[in-house]
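# Here is my input; please provide its structure:
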Amino acid sequence: MAAPKGNKFWLLCSTHGRKPIFETPESLWDAACEYFSYVQANPLYETRAFQHQGEVMLKKIPRMRAMTINGLCLFLDINQETFMLYRKREGFIGVSEKILETIRSQKFEGAAADLLNGNIIARDLGLVDQRQNKNLTMFKDVSEMTDEEIQAELDDAG
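Numbering: from 1, shown residues only. Next comes the predicted model:
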C-alpha cells in the first residue's frame, strides 16, 4: 500500500515549540536589569510654564518613570503569561521574585518620596487605607443592649 501523499514537514522538527528566550535564571535577571536601567535612563517629561521677567517660558521637567510588569514584559518581548510561567520554572522562582520585589520597591519608594502619584501606586500595589470612622460603632453586638445603652454608645462615639 502506498503512503498517502501530502506534506510531512512537521516530522523534520527536532523539538516542539519555541525555545525559551531565557534559558538560565541569570539571563532573565540580566535582561530585567537592562529594563531597570532603561527606566532610570528614560524618565517621563512634564512640560511646565514658568514666568521669568514677564516672559512665559516652557520647561521640560524629568519625572520618574514607574517600573511595571507590563513594561518589563514589553521590554523583554514576552507576554505576562510567559513571565508567570518563568515564575513557576525550576531555578527561576528566586530570580522572578527578586524582579517583582525590585519593581514593587521602586514604585513604593517613588510614591513615598512623592516622585510618583501615591494614589495610583497604592492601588497598583494593593495598599489600603485603614482609617476608621470614629462615629461608627463597628462590630458591636447590640442585640442584647437596651435602647438607653445603644443611645449612650452613640453619644460617646459622637
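# So what does the closest residue to P43 other than its chain neighbours have for phi and psi?
Closest residue to P43 apart from its sequence neighbours, by C-beta to C-beta, 6 or more residues apart in numbering: P62 at 4.0 Å. Any C-beta I mention is one placed from the backbone N, CA and C, and that applies to glycine too. Phi and psi for P62, reported as degrees, to the nearest 10, are phi -70, psi 140.
# For the most centrally placed residue in the chain, which residues are in contact?
Central residue of the chain (C-alpha atoms, centre = their mean): T68, 4.6 Å from the mean position. Applying C-beta atoms under 8 Å, 6 or more residues apart in numbering, we find T68 in contact with I103, K107, D124.
# and the host helix or strand of the second one, what other elements does it pack with?
Following DSSP states H and E, the helix or strand that holds K107 is helix 93-112. With contacts defined as 3 or more C-beta pairs under 8 Å, 6 or more residues apart in numbering; DSSP states H and E, helix 93-112 has these neighbours: helix 25-41, helix 69-76, helix 80-88, helix 118-125.
# Just the buried positions in it, please.
Buried positions in helix 93-112, judged by neighbour count with 16 or more other C-beta atoms under 10 Å: V95, S96, I99, T102, I103, R104, Q106, K107, F108, G110, A111.
# thinking again about what came up before, same list (the helices and strands packed on helix 93-112) but as CSV, adding mean pLDDT.
Shown next, in CSV, are the helices and strands packed on helix 93-112 (pLDDT from 0 to 100):
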stretch, mean pLDDT
helix 25-41, 96
helix 69-76, 94
helix 80-88, 94
helix 118-125, 86
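# So for D156, which of those helices sits nearest?
Smallest distance to D156 across the helices and strands packed on helix 93-112 (C-beta to C-beta): 32.4 Å, for helix 118-125.
# Which strands or helices does the closest one pack on?
So helix 118-125, by 3+ C-beta pairs under 8 Å, 6+ apart, packs with helix 93-112.
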